[in-house]
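>>> No letters, just coordinates:
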DNA sequence: CTGAAAGCGCTTACAG
DNA sequence: CTGAAAGCGCTTACAG
């Protein structure tokens, strides 16, 4: 069941009784072709079962319409949403977007980048893998390829970034905790090899300072960025002489872990220990209790990143302004009632 | 900051003082080249900052090393795992895998397929979008392109399928419910436009028959395949004159919805109403109560699918045997104690 | 072991 | 408006 020889524009030309050039022009939707001719050619295209050879076209044109999206972890819906948002706008702009996953592995990332380059991409949007070295994109930059970072940035890089306002999100969440009457707070999970960690921790710290929380009462406990990490952080903190009463978590997974660990100890997330997450993944809303979290519009950031990339390609530049996306604290029930008044406020819906 | 003119094999040849052919041979790792020459050429490749032009190579070779993976919903970790599994084996086989998302939209799928064809893929693995018409792949089949379906199949298609044993999974889950003493069971969620639905429902029905459950006691309630659908199914069933006491859910999302709805009515999932999910997503283990579910090895199926595709390409065929992957009932706590003895069994861990 | 030449399927000036 | 010709960057027989 071998494939029949593929039809080329030459076959179309013969079928339609015109020259190759005319066919090519029709394919490109040029206005130079007489309508009857175009119709005739289009019919021939159908008849011979033609499929456009983009490789051949790109070879001649020297710039392709495919762009690469390099994602650190596709199995994480947070990043999958980002990819899907980007894909949506590229698709409708007639650009072919290819998604590649690096599984948070810089070596894989290197390979993926190489593949994409060989494929002749016109641009690259990447959410860099953890542990990416600052020089990893040097060669691509020198080659003049438009690159943008999405969601994550690299320290000391001049590549444009599209990311959420992590600092502000952490600030808002921390302020919410303080507003609830908490005076001894913790920041749970994450580690300093992630730029995002510094951003979120920075917001936490600034809120503590601004709102008069003593630095000794702002505990920072690093840990894995998953449920296990959250559980460990909680245990560590409760073993202290003066445990915190509330925690801002690096992300929702950590927050889920904290709530799990609380339950295991017979403590009620909310009334007994307040917890706030970050990212507002879908499960946050359906957890028990529903998790207060900082919502980040992944898909929206993806769309924005795609637009930035399209503009970079069109204006033949590798520079663009950073875009910091708005964030939004979604208040649910994981922070319990107000501790100062000790009165339960009227139940409120999610503040979307 | 325009890109410098790209180096070609001609530049390398000049730099190394050999001919283009020699460079090409070195690039392909041919054993025909004297080692010293190869070293010299490789140095030149480095020096001129060469990047291989795969498009040009494919044009000449007439068969590419890129394959396309078309996924119905990348934001669903269940399918993302599948993609990641495939990617892993392709990557290490020196094949460039590109992931595309159709967002469960047959029109998008059509576009994506077209793009991939134009890109000259050597093969295609697809998890078809819901509502895909049987003829959607006719053209590609005629063109002789190797195609495999993963996770989902199309009715009346001869394209090989790599999918979990949905029938057996549903059978096992149903038998578990019956073993717990339930005599009036329901199948919640899903609809008949999905082949997977028929497979799972078939397993449910066979188990009921085999284990002596009267057909009138095997309720089937269709619904959306998400939390909302699950909630609706539960409400519908409880409104019946003789409500079921247990349900097998089309997937875990439906099961989560059922548990949510039970809680809302003040009922305890498990003791008051037994629920089993399907897919065993990560949250299943961490739910309250932990959800009993049928585990499907998505990543493993992805790897298998990739191997099948590689074999198809190598043997230049469009045919391959179907592969039905083993499934595994993971018993947790959402089915409560045994209803016949009314004694609570000793708590057991997850049977992985 | 290495080189000269043709050709993969397109696009792009250039004529007409 | 349409055609003839060159060329994009490779690989592949074919000589030597």
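Arrived safely, thanks for sending. Just so it is clear, the model here is predicted, and its values are computed rather than measured.

>>> State the next helix or strand along the chain beyond the host helix or strand of residue A:261.
Assigned by DSSP states H and E, residue A:261 belongs to helix A:252-264. The helix or strand immediately downstream of helix A:252-264 is strand A:274-279, counting by DSSP H and E.

>>> elements contacting that following strand?
For strand A:274-279, the elements it packs on are helix A:166-179, strand A:246-249, helix A:252-264, strand A:292-296, judged by 3 or more CB pairs under 8 Å, 6 or more residues apart in numbering or on different chains; DSSP states H and E. Every residue, glycine included, has its C-beta placed from N, CA and C.

>>> Of all residues in the stretch 101-250 of chain A, which one is closest to chain B?
residue A:144 (3.1 Å; CB to the nearest CB).

>>> Do a quick rundown of the strands in the stretch 101-250 of chain A.
Ranges of strands in the stretch 101-250 of chain A, per DSSP state E, counting those that start in this stretch, are A:123-126, A:147-150, A:161-164, A:185-188, A:218-221, A:246-249.

>>> is it possible to export those to JSON lines including mean neighbour count?
Listed next are the strands of the stretch 101-250 of chain A as JSON lines, based on neighbours: other CB atoms under 10 Å in any protein chain shown:
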{"stretch": "strand A:123-126", "mean neighbour count": "26"}
{"stretch": "strand A:147-150", "mean neighbour count": "25"}
{"stretch": "strand A:161-164", "mean neighbour count": "24"}
{"stretch": "strand A:185-188", "mean neighbour count": "27"}
{"stretch": "strand A:218-221", "mean neighbour count": "18"}
{"stretch": "strand A:246-249", "mean neighbour count": "30"}
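
>>> For those, give me a markdown table that also has distance to chain B and mean pLDDT.
Output for the strands of the stretch 101-250 of chain A, formatted as a markdown table (distance: least, CB to the nearest CB, whole Å; pLDDT from 0 to 100):
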| stretch | distance to chain B | mean pLDDT |
| --- | --- | --- |
| strand A:123-126 | 12 | 97 |
| strand A:147-150 | 12 | 98 |
| strand A:161-164 | 18 | 98 |
| strand A:185-188 | 17 | 98 |
| strand A:218-221 | 21 | 97 |
| strand A:246-249 | 15 | 98 |
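
>>> and DNA strand C, which of these is closest to it?
For these, the distance to DNA strand C is smallest for strand A:123-126, at 18.0 Å, taking CB to the nearest atom of the strand.

>>> What are the contacting residues of that closest one?
A:67-71, A:86, A:109, A:113, A:116, A:137, A:140, A:145-150, A:305-306, A:309, A:312-313 (CB atoms under 8 Å, 6 or more residues apart in numbering or on different chains).

>>> Span of stretch A:216-233 from start to end?
Distance between the two ends of stretch A:216-233: 17 Å, counting by CA to CA, to the nearest Å.

>>> What of stretch A:178-188?
For stretch A:178-188, the first-to-last residue distance is 16 Å (CA to CA).

>>> That one: how far from the chain's middle?
Averaging C-alpha positions (CA atoms, centre = their mean, to the nearest Å) puts stretch A:178-188 28 Å from its chain's average.

>>> Next, count neighbours for residue A:65.
Using other CB atoms under 10 Å in any protein chain shown, residue A:65 has 20 neighbouring residues.
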